[in-house]
Structures are given as C-alpha cells and as structure tokens.
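**Student:** Just need the structure, nothing else, for what follows:
(2 chains)
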Amino acid sequence: QQPVQSPQAVILREGEDAVINCSSSKALYSVHWYRQKHGEAPVFLMILLKGGEQKGHEKISASFNEKKQQSSLYLTASQLSYSGTYFCGTDASGSRLTFGEGTQLTVNP
Amino acid sequence: DAGITQSPRYKITETGRQVTLMCHQTWSHSYMFWYRQDLGHGLRLIYYSAAADITDKGEVPDGYVVSRSKTENFPLTLESATRSQTSVYFCASSIAGELFFGEGSRLTVL
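**Tutor:** So this is what the prediction gives:
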C-alpha cells in the first residue's frame, strides 16, 4: 500500500526551513527519500533503517518513528538547488520500495 | 561509462503494437527494477528482479513482461500496447538499499 506524503506542495524563500512527512499503514524495514527535478530521474537522498541507522545526505536530515511507521524529512536553510519533488519510498517486504505521490518543493530567491 | 542506461529514450507507438524497453547496468548489481511514472504522480513498481532468472511482480504488472537472462540486462516488454501505458518508464538497480535510476524512457501510445 502506497505511503501518504504531506504536504503535497510547499513554497519557500531561500534560507527558510521545511518539513515533509511520510506515513505508512504497514510495518516497515526502512524508509527512503529521493528528490526528482523536472525532467530528470529521481536521485537518492537518504535511507532510515529500522533500529535507527541512517545513511545519506550531509545537509538533509530525517527521522523515522518505527512505532508509528512515520518519517519526516527536514530541509534546513533551504537553497535554490533544493527545489524539486521529494518522494518517500517505504520498504515493508525487505526487497522493494513503494513510493508516495511526492511533495513538490519550490524555493524562491 | 559505468552506470545504468535505458533505450530508447523516446518512443511513439500505436495501440496493439509490441514495444520493448531496454535497460543495461555496468555495476553488476543483483537487484533491478522497472517503475512507471505517470504525469504528476509518483513511481509505481511494475516488476523487479533479485538476480538473473529471478523476477517478480510489482504493483502494476498487467500488460508487461520482463526477462533477465544476464545480470546486466533487464528488458521490459509491452505485449500489446494500450493508451493507458503512456508514461515515463524508469529502470533502476540497487545496492545496499540505494536505488540508481536510469534517465527514463518516455513512451507515448497513440
């Protein structure tokens, strides 16, 4: 079942912060975050594993609440390059990801 | 160059025709995936493969066929294309949980 992302879209000014949420109804092994710019392929940002281990981007942080099956992506001091669509992918099987519908982030000067 | 390549990048076909989208990776990753992305939406898994000769259905497998005779290749075939299969198709390989996507194949079915 597809995870639910919120908000669907957010507009920021450069330097502002944003939080993107991802929620699943299934027990998860891990949560993954990807960013996709218009016309391009998604690019890996971060993995959050059951048990607390994180792997990924230095300037972007995230959390994973295993009890609630929820994850949040924190974008601090946003830059113009952060613009794009952010997708969470959830792994409930140990072998494949199911992606949410995405959150469109626009950072303006 | 190392990486994952898809071909063709753009394809226009007619309803009922067979279409094959190719995917090739140079890393020897075990896992490979095919996703489709409809305009303005997320990625939906069509098929995936854990290794050569091992494939499994994803969320939306109907109308598609895959094969994986070699680790590096994972072609996706639309047996009889329909308008609802107009989409951007992304192939990906995976290592340590991280997906590496190809540039996508944009398919239009008229």
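**Student:** alpha carbons only for contacts and neighbour counts from here, please
**Tutor:** Fine.
**Student:** Contact partners for the residue lying closest to B:Y48 once chain neighbours are set aside?
**Tutor:** Nearest residue to B:Y48, sequence neighbours excluded (CA to CA, 6 or more residues apart in numbering or on different chains): B:F33, at 4.2 Å. Applying CA atoms under 8 Å, 6 or more residues apart in numbering or on different chains to B:F33 gives the contacts B:L45, B:I46, B:Y47, B:Y48, B:S49, B:C91, B:A92, B:S93.
**Student:** Direction included, what does the helix or strand hosting B:F33 pair up with?
**Tutor:** Using DSSP states H and E, B:F33 sits in strand B:31-37. Applying DSSP bridges, strand B:31-37 is found paired with strand B:43-51 (antiparallel), strand B:87-95 (antiparallel).
**Student:** For B:K11, find the nearest of those strands.
**Tutor:** With CA to CA, the closest approach to B:K11 among the strands paired with strand B:31-37 belongs to strand B:87-95: 10.1 Å.
**Student:** Give the next helix or strand downstream of that closest one.
**Tutor:** Downstream of strand B:87-95 (by DSSP H and E), the next one is strand B:98-101.
**Student:** Show the subsequent helix or strand relative to that following strand.
**Tutor:** In N-to-C order, the element after strand B:98-101 by DSSP H and E is strand B:105-109.
**Student:** what's the angle from that next one to strand B:87-95?
**Tutor:** Relative orientation of strand B:105-109 versus strand B:87-95 (axes from the mean of the first three to the mean of the last three CA atoms, to 10 degrees): 150 degrees.
**Student:** Listing partners with orientation, what would you give for strand B:105-109?
**Tutor:** Counting by DSSP bridges, strand B:105-109 is paired with strand B:10-13 (parallel), strand B:87-95 (antiparallel).
**Student:** Contacts only, for whichever residue of chain B sits closest to chain A.
**Tutor:** Of all residues in chain B, B:G42 sits closest to chain A, at 4.3 Å by CA to the nearest CA. B:G42 is in contact with A:F87, A:F99, A:G100, A:E101, A:G102, counting by CA under 8 Å, 6+ apart.
**Student:** Could you look up the SS state of the residue of chain A found nearest chain B?
**Tutor:** Closest to chain B within chain A is A:E101: 4.3 Å, counting by CA to the nearest CA. For A:E101, the reduced secondary structure class is coil; criterion used: DSSP: H, G, I helix; E, B strand; the rest coil.
**Student:** does it really touch B:R44, like I thought?
**Tutor:** No. Under the criterion of CA atoms under 8 Å, A:E101 is not in contact with B:R44, lying 9.5 Å apart.
**Student:** and B:S67, how many neighbours?
**Tutor:** 17 (other CA atoms under 10 Å in any protein chain shown).
**Student:** near chain B, which residues of chain A show up?
**Tutor:** Residues of chain A lying near chain B by CA under 8 Å from any CA of the partner chain: A:40-44, A:47, A:87, A:96-102.
**Student:** ok now do the residue nearest to the spatial centre of chain B, which residues does it touch?
**Tutor:** The centre of chain B sits closest to B:W34, judged by CA atoms, centre = their mean, with a distance of 3.5 Å. B:W34 sits next to B:L45, B:I46, B:Y47, B:Y48, B:L76, B:Y89, B:F90, B:C91, B:A92 when contact means CA under 8 Å, 6+ apart.
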